[in-house]
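S.K.: predicted model, plus sequence, below.
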Amino acid sequence: MGTAVTGAGELAGERGPLINVAYRLLGSLSEAEDAVQEAYARWYALPRDRRDEVVSPGAWLTTVTGRICLDVLGSARARRERYVGAWLPEPLPDRAGEGSGADPADLLVMDESVTTAFLVVLESMTPAERVAFVLHDVFRYPFAEIAGVLGRSPAACKQLASSARRRARLARTPGPVAERALTVRRVKEAWQARDIAALVDLLDPAAVLTADGGGLVSSVLHPVEGGAEIARYMVAIADLAPGLELLERTVNGTPGLVARQAGVVGTVASFEIDGGRVTRIWAVRNPEKLRAWTRDG
């Protein structure tokens with residue numbers, strides 16, 4: 001079972017993949033970083049002879065990170081019952097090619113499994129379903145390895161992933177990026193112009209806007225439903241925020257908007273778009289979830 005001693009540099013190379021797994025499991029970059037740091041701490045706490053017995057340190061770290069995330073997901077349900085207003089995943093900027101990887105946000109690979117729509121669907125799953133689904137369907141881990149994370153048989157893990165897969169079908173397949181970007185640009189222009197009629201035309205009649213302020217900043221506590229209601233709400237916000245600057249930015253790999261006032265990012269909005277009309281808006285205002293945007297220019 002023994003292997004040659006694994007160097008610190010080689011282990012450091014596992015951090016990116018681990019951050020990617022943990023973020024998709026938790027929907028929070030800060031919690032993902034904490035989970036990965038804890039996994040590394042447990043590795044280095046092992047006696048040297050025990051570490052030498054581990055055939056694949058990367059697989060060991062993934063298993064431990066998965067178990068830590070499973071525990072976090074279990075306790076998160078109780079915490080979110082006390083959360084003020086709606087809880088949304090932490091939005092991420094697109095920093096492809098930027099930085100050295102010191103910031104965990106630089107390590108995230110942007111694909112359909114990190115879109116806000118997909119992460120919101122993941123929130124509807126049980127912790128065990130989410131772990132089984134993300135590890136198998138997104139990262140292609142075999143059920144034999146997932147069984148070690150969940151402490152269940154491979155057959156049971158396969159059933160969990162199958163159940164989660166049925167829930168995941170609720171996430172719509174995004175349309176062409178150019179089409180979505182054009183719709184977001186039109187929303188931005190109508191919002192800046194305080195043009196309620198134009199906004200209503202761009203919003204699906206059954207559209208839903210969900211905001212997350214976490215009780216730390218002013219924010220609507222319940223979803224705003226209906227295109228006309230959302231349009232009026234958006235214009236009212238603009239009227240209350242003189243000097244509001246809207247920027248087109250990539251949010252979790254999809255076209256979105258960032259609202260700044262006096263150079264400070266106050267809201268990051270992502271959209272679900274179908275046939276050129278907005279069906280869902282997720283607006284994160286909780287400043288604790290906007291730390292990755294402090295470098296936004």
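M.R.: Noted; the coordinates are in hand.
S.K.: wouldn't Arg260 be in contact with Ala241 here?
M.R.: No: using C-beta atoms under 8 Å, Arg260 is not in contact with Ala241, being 10.1 Å away. For glycine as for every other residue, the C-beta is placed from the backbone atoms N, C-alpha and C.
S.K.: show me which of these two is the more surrounded one.
M.R.: Arg260 (16 against 13; other C-beta atoms under 10 Å).
S.K.: quick one: contacts for the more buried one?
M.R.: Leu244, Glu245, Leu247, Gly266, Asp296 (C-beta atoms under 8 Å, 6 or more residues apart in numbering).
S.K.: could I get those residues as CSV with neighbour count?
M.R.: Listed next are the contacts of Arg260 as CSV, based on neighbours: other C-beta atoms under 10 Å:
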residue, neighbour count
Leu244, 17
Glu245, 15
Leu247, 14
Gly266, 19
Asp296, 15
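S.K.: and of those, the nearest to Ala155?
M.R.: Asp296 (46.0 Å; C-beta to C-beta).
S.K.: mind listing what Val220 touches?
M.R.: Neighbouring residues of Val220 by C-beta under 8 Å, 6+ apart: Gly85, Leu209, Ala211, Tyr233.
S.K.: of the contacts of Arg260, which belong to helices?
M.R.: Among these, no member falls in helices (criterion: DSSP state H).
S.K.: filter the contacts of Val220 down to the ones in helices?
M.R.: Short answer: these in helices (DSSP H) are Tyr233.
S.K.: out of the contacts of Val220, which is most surrounded?
M.R.: The residue in the contacts of Val220 with the most neighbours, by other C-beta under 10 Å, is Ala211 (25 neighbours).
S.K.: OK, contacts around that residue?
M.R.: Gly85, Ala86, Leu88, Ser219, Val220, Val224, Trp282, Ala283, Val284, Arg285.
S.K.: what does Glu81 give?
M.R.: With contact set as C-beta under 8 Å, 6+ apart, Glu81 has no partners.
S.K.: phi, psi for it please.
M.R.: Main-chain dihedrals, Glu81, degrees, to the nearest 10: phi -70, psi -20.
S.K.: pLDDT wise, what is it at?
M.R.: Each residue has a pLDDT score; the one for Glu81 is 77.
S.K.: of the contacts of Ala211 - the most surrounded one?
M.R.: Taking other C-beta under 10 Å as the neighbour criterion, Val284 ranks highest of the contacts of Ala211 with 28 neighbours.
S.K.: can you tell me how far that one is from Tyr23?
M.R.: As judged by C-beta to C-beta, to the nearest Å, Val284 and Tyr23 stand 15 Å apart.
S.K.: any chance of the contacts of Arg260 in TSV, with pLDDT and distance to Gln159 too?
M.R.: Converted to TSV, the contacts of Arg260 look like this (pLDDT from 0 to 100; distance: C-beta to C-beta, whole Å):
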residue	pLDDT	distance to Gln159
Leu244	90	49
Glu245	94	49
Leu247	96	44
Gly266	94	43
Asp296	49	42
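S.K.: which members of those are the farthest-apart pair?
M.R.: Most distant of the contacts of Arg260, by C-beta to C-beta, are Leu244 and Asp296, 15.1 Å apart.
S.K.: could you pull out the strands for the protein?
M.R.: In the chain, the strands defined using DSSP state E lie at 203-212, 224-225, 245-251, 254-261, 264-274, 277-284.
S.K.: what's the mean pLDDT across the shortest one?
M.R.: In other words, strand 224-225. 98.
S.K.: so where's the stretch 1-150 of the chain shaky on pLDDT?
M.R.: Applying pLDDT under 70 to the stretch 1-150 of the chain picks out residues 1-10, 95-102.
S.K.: can we see that at 80?
M.R.: The stretch 1-150 of the chain contains residues with pLDDT under 80 at 1-10, 77-81, 95-105.
S.K.: show me where it has helices.
M.R.: For the stretch 1-150 of the chain, the helices defined by DSSP state H, counting those that start in this stretch occupy 8-12, 15-26, 29-45, 48-53, 57-81, 116-123, 127-133, 143-150.
S.K.: tell me which residues of the longest one are tucked away?
M.R.: So the one you mean is helix 57-81. For helix 57-81, burial by neighbour count (16 or more other C-beta atoms under 10 Å) applies to 60-70, 72-73, 76.
S.K.: what angle separates that helix from helix 116-123?
M.R.: In terms of direction (axes from the mean of the first three to the mean of the last three C-alpha atoms, to 10 degrees), helix 57-81 departs from helix 116-123 by 80 degrees.
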